[in-house]
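In: after the sequence you'll find the predicted model.
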Amino acid sequence: MTLTQPVYLWLIILIVCLVAEAATTQLITIWFAAGCIGALLAVTLGFGTTVQFAVFLIASFAMLLVLRPLLRGALRTRQDKTNADRILDQTAIVIETIDNQHGTGQIRLMGQIWTARNIEKDVMIPEGETVVVRDISGVKAMVERCQTNGGGKL
């Protein structure tokens with residue numbers, strides 16, 4: 001078998017697709033590389049340019065539509081919680097009265113001290129009360145009074 005012009009064309013397209021996939025890792029051009037392999041197979045079996053191109057298109061789009069969604073789910077990485085995410089919905093003890101109007105308030109939570117503000121704007125929370133962290137705003141824990149007295153990771 002002698003190498004003909006279509007073989008070089010499909011090899012060049014294959015290499016370009018593989019390089020593009022390596023650069024982007026978006027699972028798009030890899031399927032066109034697979035289509036190139038199908039077209040190269042068609043060349044070796046002696047099919048003409050029209051059949052080669054049809055094999056390329058059918059193989060590429062079939063793999064793109066069928067396998068990409070399956071692999072995207074399998075390759076999706078999970079996100080680790082950050083330190084701030086870990087304190088959401090945790091209970092804490094107020095160690096400095098939380099007063100939004102004066103911009104004061106601190107809580108002790110999991111052995112750390114956090115600046116805190118009350119979700120209810122005009123309500124002070126005195127020192128010693130138990131609160132629940134509901135949100136993070138910048139570097140401040142946004143809290144509300146705990147419905148029960150005590151408990152939680154302090």
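Out: Everything's here; your move. Numbering: from 1, shown residues only.
In: can you give me the end-to-end distance of stretch 19-32?
Out: Terminal residues of stretch 19-32 lie 12 Å apart, using Cα to Cα, to the nearest Å.
In: and that stretch, which residues are buried?
Out: Within stretch 19-32, the residues that count as buried by 16 or more other Cβ atoms under 10 Å are 21, 29-32. (C-beta placed from N, C-alpha, C; glycine too.)
In: one more: stretch 40-48?
Out: With burial defined by 16+ other Cβ under 10 Å, the residues of stretch 40-48 counted as buried are 40, 42-43, 47.
In: quick one: the strands in the protein?
Out: Along the chain, the segments classed as strands by DSSP state E run 91-99, 104-109, 112-118, 130-137, 140-145.
In: which of these sits closest to V7?
Out: strand 130-137 (58.9 Å; Cβ to Cβ).
In: give the pairing partners of the closest one; include direction for each.
Out: Taking DSSP bridges as the criterion, strand 130-137 pairs within the sheet with strand 91-99 (antiparallel), strand 140-145 (antiparallel).
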